Structures are given as C-alpha cells and as structure tokens.
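Chemist: give me coordinates for this.
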Amino acid sequence: MSRAETAVLDATLSPPVRRYVAQVADALPAGCRLEFMQSNGGVADAGHFQGKDSVLSGPAGGLIGMAKVGRAAGFERLIGFDMGGTSTDVSLYAGAFERSLDTRIAGHRIRVPMLGVHTVAAGGGSILRFDGGRLLAGPESAGSLPEPASYRQGGPLTVTDANLMLGRLQPDCFPAVFGADGQQPLDAETVRAAFTAMAEEVNATLGLDYGPERLAEGFLDVAVEHMANAIRHITLARGVNPADFTLVSFGGAAGQHACAVANRLGIGTVLVSPFAAVLSAYGIGLAERRNVRQVAVEQRLADWNSAEGEWSGANPSVRRTALLRYRGSDTTLGVPVADADTMAAAFHAAHRERFGFADPGRGLICAAVEVEIVSGGGEAEPLPGLAKTPDRAFARRAVFLGGAWRTTALYRREDLVTGQSIAGPALIVEAGSTLVLEPGWQAEMTLRGDPLLRGGPASLRRPDPTQPDPTWLSLFNR
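Modeler: Residues are numbered from 1 along each chain as shown. Here you go, the predicted structure:
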C-alpha cells in the first residue's frame, strides 16, 4: 500500500514542484547551478528533484546543520532540538545519519528514503488554553495570522507570549516590527491582561490562587514536557539514554526552552549554534550531493549471493546498505553490504544495541538494498569577529524562573569572548533568538564561538496533593 500512496503523493507534488523549480531557474543568471535539498539529507540537481523527495527537506537540512556544528565542536553523539513557530523537530545522530525507508506523515505511509526526524506540534505559536480542568499548549497554532497575542494582530495567547509574560523575552531586545505600521515592539500589556483574565477563570473554576506568572509558567511546563516526550520517543523508547548525548538547540524558539528540556531528560550538555535561528538553511548550504536509489529485494538472506558482484566495490563515495528485518517483522535495520554471514552478524549486533535483544535462530529477510553516491559538501567554519575582551552584562532585568522573580543579567552574544563563562540565571540575546540560561547552568563560549551550556538536572516542582492543579493534571496525562 505504501508504494501506491508514494506514487500518488509524487504525482500530486511533482507538477507544482517542477513549476516552482522552473520559476527559480528562470530568475537566475545563465549558467548558474541550481540544487535543491532532499528529505534523504543531500542536495540534488534541479532537473532530478522530485515532489516525493521534498516532503521533509527543511527538517533534513536542520539535521545536517546540527551534525556539522556538533562535530566541529567535538561532539559525536547528538540530539537535535529544533523549535520553530508551529512545531518542534527532534533527531538523533550518533556518528551516522539514520534513514528510514517507510515514514508515516499525516496518516499516510510513504516509502521514500528520509532522514529520521520526529515532529510534534509544539512551537512558539502553539495556542495556550484552559479546558476547565487542564492547561493545554497546542496542538493548534496561531500561525502567521493572527500570530501570538503580543504581535498586535489580535491573536491568542501562545508559548511566545508566556515567555514574554515571564521576562524570558525582552521587548527591547526583540525587533520592533509589529502593529499596523510594522514598527511597534511586542505588546507586553495585552499579554499580561490576557494571562490575568485566564488566571481568574482558572481560580474561579478550581478554587485555586493562580497568579498570571504561575499560569504562564504552568503552560511552559506543559509545552516543555511535550517536547521532552518527543525526545524520549527517539531515545528511551528505543533503549537509548538521552543523558549520553549532547542536546543541540536551534530554531528561533529553542533557546528559551533548551535548559528546561535538558533538565527533564537528564542531559547535562547543551550546544547552541550561533546560527541557531537559521541552522536548517546553514545545513542545506553544507550538505553533500546525494543520489540515493533503493531496490526492493524481499528475499531470505540465506539466499543472498554476493558473488555476483553487483553490490560490491570499495569506492568510498559509494555506500551500499542492505535493509534487513526478522521474518514476520516490519522493522528494518541497515547494515553494510557484504556476504550473508557478515551481514547477519552485523544485524544481530545492531538489533541487540537498539532493542536490547537479538534472535540469531530466527530467519532474516533482505527487504531492500540501497546505493548512495555522495560527493561535495562542506564543514562548519568558526565565526569571525569574536570580541577580544570580556564584556559585562548590558542590563539586569527581573525574570520569572523557578517560581519566583529573579534579577537576571542580559548579555549580547556578539560581545562575548572565547572562554568567557556566564552563570545562570542569564539571558543571552542576539538578532535571531534569545537564550535562557536557567539557574544551575553555566555557559561558556567555545573556540568556535558556540555557547556551550553545562548543568545538572533540576527537580521538577512537586504538586500539592490536597488541591487540583491544572498544570500537573496535564503533566500526569502525558
């Protein structure tokens, strides 16, 4: 069924994709080379770019960028945490990219090679609401219209507004591009009034004493748990301990929640790329040219004949992978093409590492063989122009952290110097994002110019068992 769905998807997407490609090509100078990012993690010449290869091309670019900057900083085991306006994409990298053959998107199973990216509906624009018993963050989003309440378009309260309410976003550090004239700052007054009104509703319904700050913090707790669960899905649910990885934070909204997400998962190291707000585009610029082809085999591995030489070869730019599965299972794992015994041993070892067990006596099926040709690409370069002498905080503001207002230092990222260390709580602001350094965390500027955060897991606030609490009801429900 997935092959038929894939064919329908490609037939639907390819015509508008080709029209778009033609429009872009016509606007470029003659002789200009035009390439497009694919869901499999590589760029392809415009003439070979198909609709089915575009489905997750943006998140794939983020995974490439995450791996490039993580390796450049000296880390090989990485969890990508990409939070934008409408969703959060999480991914895993342990020295190699994971690629899935079958992917389910919007209820449809698509059989196209794609990098392993898991998406949840949690972003800066996720709408906040009280349903009479629980606090809910998303999955609905304010989108580009009407946008968050603070954007002066009459929109609903969102995760972005909760950060503004708590001082995690500062209006004078945010571009003044809102309002009818496009020159107004974020509207903090409207946000406070909306949270105050909702807190009164919560209190009247449940007989509590929620203030607007506690309400906003409760909504952030719910959103953070949703994002942490997405990472558990690609780690703990597969027998992988997230604490063994470095969290790479990117996307315009990730910096406000990275420490909190890491706390929930027991992760002690967070890397924040200076290109965090545009890391997907940066990754596309560094991506290799990849041509991936898969051939369905669906035969017993015992019948494999490697002597034919069709899949053999030692060219390092050509990668040959057999996708194997146990008989009766639909979960495939990729192993390098070799003789049948070598591939069986590699599969059992990979299955034991992934799922905690192996069954060597069970028959293996070769579902497909994949050939990938890789060329070109680039590596992340250090940022030029870092400050030469340490700069002090340019301001101190009240920020609501850990249930209380705290005097918090504000720094500009471009003013920080290599080796400079900052203790939380602090805000590190730049043109495209704001980084919230929570209490108990420290930030140090690496030689490359990346803020590297280190800290210990913080205890989650405990509920009061004597009264209902809409925040904890949502957290327990997850």
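
Chemist: for burial, what's the neighbour tally of residue 179?
Modeler: Residue 179 has 13 neighbouring residues, counting by other C-beta atoms under 10 Å. Every residue, glycine included, has its C-beta placed from N, CA and C.

Chemist: backbone phi and psi for the nearest residue to it once chain neighbours are set aside, please?
Modeler: Leaving aside its sequence neighbours, residue 179 sits nearest to residue 152 (C-beta to C-beta, 6 or more residues apart in numbering; 4.5 Å). Backbone geometry at residue 152, expressed as degrees, to the nearest 10, gives phi 60, psi 30.

Chemist: output the below-cut-off pLDDT ranges for the stretch 301-450 of the chain.
Modeler: The stretch 301-450 of the chain contains residues with pLDDT under 70 at 305-316, 382-391.

Chemist: now do the helices in it.
Modeler: Counting by DSSP state H, counting those that start in this stretch, the stretch 301-450 of the chain has helices at residues 340-355.

Chemist: so for the lengthiest helix in the chain, what's the average pLDDT?
Modeler: Taking DSSP state H as the criterion, the chain has its longest helix at helix 2-27. For helix 2-27, the mean per-residue pLDDT is 81.

Chemist: I'd like the distance from that helix to the chain centre, please.
Modeler: 26 Å (C-alpha atoms, centre = their mean, to the nearest Å).

Chemist: which residues does the next helix or strand along the chain from that helix contact?
Modeler: As assigned by DSSP states H and E, the chain's next helix or strand after helix 2-27 is strand 35-37. For strand 35-37, contacts defined as C-beta atoms under 8 Å, 6 or more residues apart in numbering pick out 21, 43-46, 49, 54, 57-58, 60-61, 284, 287, 289.

Chemist: so in terms of bridging, what pairs with the most centrally placed residue in the chain?
Modeler: The structure's the chain has its C-alpha centroid closest to residue 82; by C-alpha atoms, centre = their mean the separation is 2.7 Å. Per DSSP bridges, the residues bridged to residue 82 are residue 89, residue 250.

Chemist: look up how far residue 277 lies from it.
Modeler: Noted for residue 82: a distance of 11 Å to residue 277, by C-beta to C-beta, to the nearest Å.

Chemist: what do these two both touch?
Modeler: Residues touching both residue 82 and residue 277 (C-beta under 8 Å, 6+ apart): 250-251.

Chemist: roughly how far does the residue nearest to the centre of the chain sit from residue 117?
Modeler: Separation of residue 82 from residue 117 (C-beta to C-beta) stands at 8 Å.

Chemist: want to throw the contacts of strand 35-37 into JSON lines with neighbour count, secondary structure and distance to residue 93?
Modeler: Formatted as JSON lines, the contacts of strand 35-37 follow (neighbours: other C-beta atoms under 10 Å; DSSP: H, G, I helix; E, B strand; the rest coil; distance: C-beta to C-beta, whole Å):
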{"residue": "21", "neighbour count": "16", "secondary structure": "helix", "distance to residue 93": "29"}
{"residue": "43", "neighbour count": "23", "secondary structure": "strand", "distance to residue 93": "19"}
{"residue": "44", "neighbour count": "20", "secondary structure": "strand", "distance to residue 93": "22"}
{"residue": "45", "neighbour count": "12", "secondary structure": "strand", "distance to residue 93": "26"}
{"residue": "46", "neighbour count": "16", "secondary structure": "helix", "distance to residue 93": "28"}
{"residue": "49", "neighbour count": "21", "secondary structure": "coil", "distance to residue 93": "25"}
{"residue": "54", "neighbour count": "22", "secondary structure": "coil", "distance to residue 93": "22"}
{"residue": "57", "neighbour count": "22", "secondary structure": "helix", "distance to residue 93": "18"}
{"residue": "58", "neighbour count": "18", "secondary structure": "helix", "distance to residue 93": "17"}
{"residue": "60", "neighbour count": "30", "secondary structure": "helix", "distance to residue 93": "12"}
{"residue": "61", "neighbour count": "26", "secondary structure": "helix", "distance to residue 93": "14"}
{"residue": "284", "neighbour count": "20", "secondary structure": "helix", "distance to residue 93": "16"}
{"residue": "287", "neighbour count": "24", "secondary structure": "coil", "distance to residue 93": "14"}
{"residue": "289", "neighbour count": "16", "secondary structure": "strand", "distance to residue 93": "20"}
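
Chemist: now the two most distant members of those.
Modeler: Greatest spatial distance in those: 45 and 58, 18.9 Å, computed using C-beta to C-beta.

Chemist: circling back to that earlier point, as a markdown table, the contacts of strand 35-37 with distance to residue 158 would be great.
Modeler: Listed next are the contacts of strand 35-37 as a markdown table, based on distance: C-beta to C-beta, whole Å:
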| residue | distance to residue 158 |
| --- | --- |
| 21 | 34 |
| 43 | 34 |
| 44 | 36 |
| 45 | 40 |
| 46 | 37 |
| 49 | 34 |
| 54 | 28 |
| 57 | 26 |
| 58 | 21 |
| 60 | 27 |
| 61 | 25 |
| 284 | 28 |
| 287 | 32 |
| 289 | 39 |
